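1. The sequence isn't on hand, but the structure is:
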């Protein structure tokens, strides 16, 4: 049995543990809500997280590569980037996958003849992609902080030639 | 272990034991638990209830802050949600009625589920709604059924309700159980089950556990204790119904007596009921009355159509047009905006 | 290999592990950057004559409170319990059933359990029990009571400015308990100690003095509209001529200043101007603007009832001064809650105005008989219904539109079908977001009630996520690329929210779409929409 097949077989268990570990980064009371509520509109955080992790396990199984992983990582990190996590905590869920896969494979994966080094390298790749996305999201937030009012409130005023750039400051409408 | 519910549970057990032990032979506190405390409890309940409601009604209702849950009355071709956005007292009454009798807002907890990608299915998250309905209706039925102990002759609706309530089980149990066992009342069992559900919900659902106070567990345990002791008396230990009725009738006719042969279990049962009554006005249980006074539900939504008057409306300092024009007159004139006073007219 | 790894739970537990199972009263307050707004500027507080204007910083230990601040809070609390039955009843009757817990966009988005509506209210209730109830005094913490301390005050401030007063929880509460009402009271109490946020305090001060939140002086207001006149001429070849403070005009028009000064609301403003010009040309209807009452929005509503009344007074005062027949209101959210549920009571009766009748169609706006103020979506819907507007919805064919119900018009008024009716007549592609996220169950934009500042961007994005998530759904499924709304704060807040969550979706007001579709008498062949984007079929 190939690594991919074995992983695919264990996918549901791995996914379940990983999702559990990821939502456990929230306060206990919130974590249960994130897990139990299945309505994607009433619980977008939990459901988006689940779907992201689901795609990531698939990407890992098929060895789909960094771009596919990045696409799957984007929704979950976009959320975690605005949720008062430290950078390490926001992205740390990726690393927990190493341990989780080992837990679910016989003999920590060695007995099953799985290429654990290869998997670890992929997960490292995933973590790096996660960090890139996290930082990009944070940059986006800072960009929005810096430019939102300028663009909105003063964009039109400037277009109309009503203000000097230096006056462009101060709270909103 | 959660302090909030442990304290409540222990409190209820202690209360039960106090009454049970206190009315055993030797202790002889039947007078206290059979007459004095019930009277005090009823007085506390009535006075406390009225004071609380009076307290609420003394507070003003300055604004009409209806929560509109549907289409407003508008142009003729838009269908108004007459109940959820009522324009008349009649529909407010219907809205309140559905709220109080059917717990309509709780029923709104509908949910969607995403099945395999993009297909949406709807499901109702109705457990809380069902649990709450079951609890309140069972409680109500039990209360009405107990009128039998306080009326002579027993009014027809009480007898009727008893019949309906025990209808389900009579046939099942008739042959299997020895004679003398009364028909099983659904309401008692439903009450117990629903109370248990409401308790488990508080312990098991994390958000609800997080927000729960001792004051949320105490009434649940109290009601469980009342239901359990009641069920026990009715089905397992044979209590002297005639003596009990003599006692209860004595209470309502203000000729209190302590008949022989009333068991300690009954006194404990009645003591817990007394505690519930006395506790009621000082607790969240007052939502029974409060719902009627909730301004987001008991007012019409047609605030643009009919003016609502604030009893304490007072004048405030405003920035008048004249002050405004004084501030900006020159600039307004330069910009070609109309002004009331031209500058040269100023003294 | 595996043996060298630290277990992931160990790894995580080293970082910022929050104790689980601790009661909420034992969870210490952590004021996080990105989740709060800057403290009010003392100058703005002083302009309004509100108490304790001073510089202070939420992150510092010392908030420079007056000596007797506890007494002030106690007295303020007592006074409000007497003046507002809503407050008193809501303090007493909550059974903590938890139905509201997961209905709040801030709870859903931030995952902070203190953002559950019931808990936000418990922050005040715990003090209420301690100070005003016998049971609370006897049982203390066991009865859910706690004394008013500095930490409690800070917690109030932090979480009361993480509520957008959207009322979604009140829809689901079996007793109709409205967290907005509790937040309003809590913010009033905080304002007694000068504890506002600057994004509210300064617009309020501006509005008081200059008539609008941005503090734009009358000549600049006119300059801005003049600029729109030029833009409109470029697109349509028509020169519109908006009248200002015209005595004896038929109708006074008031809209939030965001429409005049903030993109993309500015395009909606051009939309109003085109519509009014059309009505003037075709039906000789005079609709006037005012620079004195140049703000429909009312950030006073987010400060205190009194401040709300002071700002709102200008609407009726100006209508009376100008001698118009009635008032027409632009697209705004909380403005319409104030108009619907407060204005007539506070500053009415408006007996100097007439019952609103649309002179073009003869329709009486029965539902606005007393306030004498009509929502522009009602007005336009009436015009469309009677065939009084010549429309070419094909000009909006590049727009695949969904509609966001703003919280206040939905849950504090019930304006649901009117904007949809207008939309369906001016666009060809309109898709609803999923049930449970629209109409009375609509999700807030995440930036209402004065929270659309820049410094709390993380809070806004997290709070805006449930709404954005539903938008993403219709974007993915139907290719929606335009989010229409009838609220100036929406138009100010959504562009950032969409840029972050669903970058392919843009934001528009209803009347921008109306004006794009409206065929003006004598217009040139339009090549672009109001934004200068090529019309369908006009692309190079």
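-> Nice, I can see it. Values in this document were obtained by computation on a predicted structure and should not be read as measured data.

2. give me the element residue 101 is part of.
-> If you meant another chain, say so; for now it's chain A. helix A:93-104 (DSSP states H and E).

3. Wait, chain B was what I had in mind.
-> Using DSSP H and E, the element containing residue B:101 is helix B:89-102.

4. cool, residue C:328 as well?
-> strand C:326-329.

5. Does anything pack onto that strand? Which helices or strands?
-> strand C:251-254, helix C:305-322, strand C:373-375, helix C:376-385 (3 or more CB pairs under 8 Å, 6 or more residues apart in numbering or on different chains; DSSP states H and E). In this view, the C-beta of every residue, glycine as well, is placed from N, C-alpha and C.

6. mind listing what the residue of chain A found nearest chain B touches?
-> The nearest approach of chain A to chain B comes at residue A:32, 3.7 Å away (CB to the nearest CB). Neighbouring residues of residue A:32 by CB atoms under 8 Å, 6 or more residues apart in numbering or on different chains: B:205, B:206, B:207.

7. The first one contacts residue C:98, correct?
-> Yep, that's residue B:205 we're talking about. Yes: under the criterion of CB atoms under 8 Å, residue B:205 makes contact with residue C:98 at 6.7 Å.

8. State the phi and psi torsions of residue C:174.
-> phi -60, psi -20 (degrees, to the nearest 10).

9. How about residue C:250, nearest residue that isn't a chain neighbour?
-> residue C:286 (4.7 Å; CB to CB, 6 or more residues apart in numbering or on different chains).

10. burial measure for the one you found, as a count.
-> 16 (other CB atoms under 10 Å in any protein chain shown).

11. cool, residue B:42 as well?
-> 15.

12. Distance of it relative to chain C?
-> 19 Å (CB to the nearest CB, to the nearest Å).

13. that older thread, following the strand holding residue C:328, which helix or strand shows up next?
-> The helix or strand immediately downstream of strand C:326-329 is helix C:334-338, counting by DSSP H and E.

14. That next one packs against which elements?
-> Partner elements for helix C:334-338 (3+ CB pairs under 8 Å, 6+ apart): helix C:407-411.

15. Where does the stretch 401-540 of chain C get nearest to chain B, which residue?
-> Counting by CB to the nearest CB, the stretch 401-540 of chain C gets nearest to chain B through residue C:414 (3.1 Å).

16. Excluding chain neighbours, what is closest to that residue?
-> Residue C:414 sits nearest to residue B:72 (CB to CB, 6+ apart), 3.1 Å away.

17. which ones are touching the one you found?
-> B:80, B:85, B:301, B:302, C:367, C:413, C:414, C:415, C:416.

18. Report the secondary structure state of the third one.
-> Looking back up the chat, that one is residue B:301. coil (DSSP: H, G, I helix; E, B strand; the rest coil).

19. pLDDT at it, what is it?
-> Note for residue B:301: predicted pLDDT of 92.

20. can you check the second one too?
-> Model confidence at residue B:85, given as pLDDT, is 95.

21. which of the residues in stretch C:169-187 are buried?
-> Within stretch C:169-187, the residues that count as buried by 16 or more other CB atoms under 10 Å in any protein chain shown are C:169-187.

22. What residues of the one helix or strand residue B:246 maps to count as buried?
-> Residue B:246 is located in helix B:241-252, with elements delineated by DSSP H and E. Of the residues in helix B:241-252, B:243, B:244, B:245, B:246, B:247, B:248, B:249, B:250, B:251 count as buried by neighbour count, 16+ other CB under 10 Å.

23. Tell me which helix or strand comes right after that helix.
-> Following helix B:241-252 toward the C-terminus (DSSP H and E): helix B:264-279.

24. can you list contacts of the very next helix or strand once past that next one?
-> Toward the C-terminus, helix B:264-279 is succeeded by helix B:287-290 as the next helix or strand (DSSP H and E). Helix B:287-290 has contacts (CB under 8 Å, 6+ apart) with B:49, B:52, B:53, B:56, C:89, C:92, C:93, C:94, C:95, C:175.

25. now the fifth one: how far from residue A:86?
-> Spelled out, that is residue C:89. Applying CB to CB, to the nearest Å, the value for residue C:89 to residue A:86 is 42 Å.

26. Kindly report the same for the fourth one.
-> Distance of residue B:56 to residue A:86, given as CB to CB: 47 Å.

27. Can you tell me which residue sits nearest the middle of chain B?
-> residue B:288 (3.4 Å; CA atoms, centre = their mean).

28. per-residue pLDDT, it?
-> Reported pLDDT for residue B:288: 92.

29. Against residue B:219, how distant is it?
-> From residue B:288 to residue B:219 the distance is 12 Å (CB to CB).

30. For residue C:493, list the residues it contacts.
-> So residue C:493 contacts C:445, C:446, C:447, C:448, C:452, C:460, C:464 (CB under 8 Å, 6+ apart).

31. and chain A, which of those reach it?
-> residue C:452 (CB under 8 Å from any CB of the partner chain).

32. among the contacts of residue C:493, which are in helices?
-> With helices defined by DSSP state H, the entries of the contacts of residue C:493 inside them are C:460, C:464.

33. which regions of chain C lie under the pLDDT threshold?
-> For chain C, applying pLDDT under 70 flags the ranges C:1-22.

34. just chain B next, same as before
-> B:1, B:26-27, B:110-125, B:167-182, B:344-347.

35. Spell out which residues make up each domain of chain C.
-> Structural domains annotated on chain C: C:22-196, C:203-517, as defined by automatic domain parsing.

36. Strands along the stretch 401-540 of chain C, start to end?
-> C:401-404, C:482-485, C:506-509 (DSSP state E, counting those that start in this stretch).

37. hang on, the earlier thing: and the buried residues of stretch C:169-187, which of them are in helices?
-> C:169-172, C:179-187.

38. How about the contacts made by the residue of the stretch 401-540 of chain C closest to chain B?
-> By CB under 8 Å, 6+ apart, the neighbours of residue C:414 are B:68, B:70, B:71, B:72, B:81, B:85, B:301, C:440.

39. Could you do residue C:322 as well?
-> Contacts of residue C:322 by CB under 8 Å, 6+ apart are C:245, C:246, C:247, C:248, C:249, C:252, C:288, C:290.

40. can you tell me the residue of the stretch 151-300 of chain C closest to chain A?
-> Taking CB to the nearest CB, the stretch 151-300 of chain C has residue C:227 as its residue nearest chain A, at 3.6 Å.

41. anything in stretch C:174-192 sitting right up against chain B?
-> Yes: residues of stretch C:174-192 contacting chain B under CB under 8 Å from any CB: C:174, C:175, C:176, C:177, C:178, C:181.

42. Nearest residue to residue B:194 in space, please, no chain neighbours.
-> residue B:135 is the one closest to residue B:194 (CB to CB, 6+ apart), at 3.7 Å.

43. tell me the secondary structure for that neighbour?
-> helix.

44. pretty sure it is touching residue B:195, no?
-> Yes: using CB under 8 Å, residue B:135 is in contact with residue B:195, at 6.3 Å.

45. helices and strands around the helix or strand harbouring residue B:195, which ones?
-> Using DSSP H and E, the element containing residue B:195 is helix B:186-204. Secondary-structure packing of helix B:186-204 (3+ CB pairs under 8 Å, 6+ apart): helix B:3-22, helix B:127-145, helix B:156-176, helix B:206-211, helix B:214-235.

46. Name the nearest of the residues of stretch C:174-192 next to chain B relative to chain B.
-> residue C:176 (3.8 Å).

47. residue contacts, that closest one?
-> B:67, B:99, B:105, B:291, B:294, B:295, B:296, B:297, C:170.

48. which one is residue C:397 nearest to, not counting chain neighbours?
-> Nearest non-adjacent residue to residue C:397 (CB to CB, 6+ apart): residue C:536, at 4.2 Å.
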